[in-house]
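Engineer: Could you look at this predicted model? Sequence included:
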Amino acid sequence: MNFTLLSSLFTLLSFVVFIGILYWAFSRQNKARFEELGRSLIDNENGNG
């Protein structure tokens, strides 16, 4: 295996992982959990938590 092939495979793998993270972050299953976490941070800054 030469460097060009390894570099291409690593780039492809990185892209697939990036798309997977985007899918996880924006999936509907996680939306409620992320909104709750976001609200809790704001509440803690205001002294409500």
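Structural biologist: Alright, I've got the coordinates.

Engineer: The strand or helix carrying residue 8: what's the following helix or strand?
Structural biologist: In this structure, residue 8 is located in helix 3-26 according to DSSP states H and E. Next in sequence after helix 3-26, counting helices and strands by DSSP H and E, comes helix 28-45.

Engineer: Tell me how many other residues surround residue 3.
Structural biologist: The tally of other residues near residue 3 (other Cβ atoms under 10 Å) stands at 7. C-beta: built from backbone N, CA, C; applies to glycine.

Engineer: One more: residue 17?
Structural biologist: Burial measure for residue 17: 10 neighbouring residues, criterion other Cβ under 10 Å.

Engineer: Same check on residue 13?
Structural biologist: Neighbour count of residue 13, defined by other Cβ under 10 Å: 10.

Engineer: Same check on the one 5 residues further on?
Structural biologist: Burial measure for residue 18: 10 neighbouring residues, criterion other Cβ under 10 Å.

Engineer: got the contact list for it?
Structural biologist: The contact partners of residue 18, by Cβ atoms under 8 Å, 6 or more residues apart in numbering, come to none.

Engineer: repeat for residue 12
Structural biologist: So residue 12 contacts nothing (Cβ under 8 Å, 6+ apart).

Engineer: That one and residue 4, how far apart?
Structural biologist: According to Cβ to Cβ, to the nearest Å, residue 12 and residue 4 sit 13 Å apart.

Engineer: One more: residue 42?
Structural biologist: Counting by Cβ to Cβ, the gap from residue 42 to residue 4 is 49 Å.
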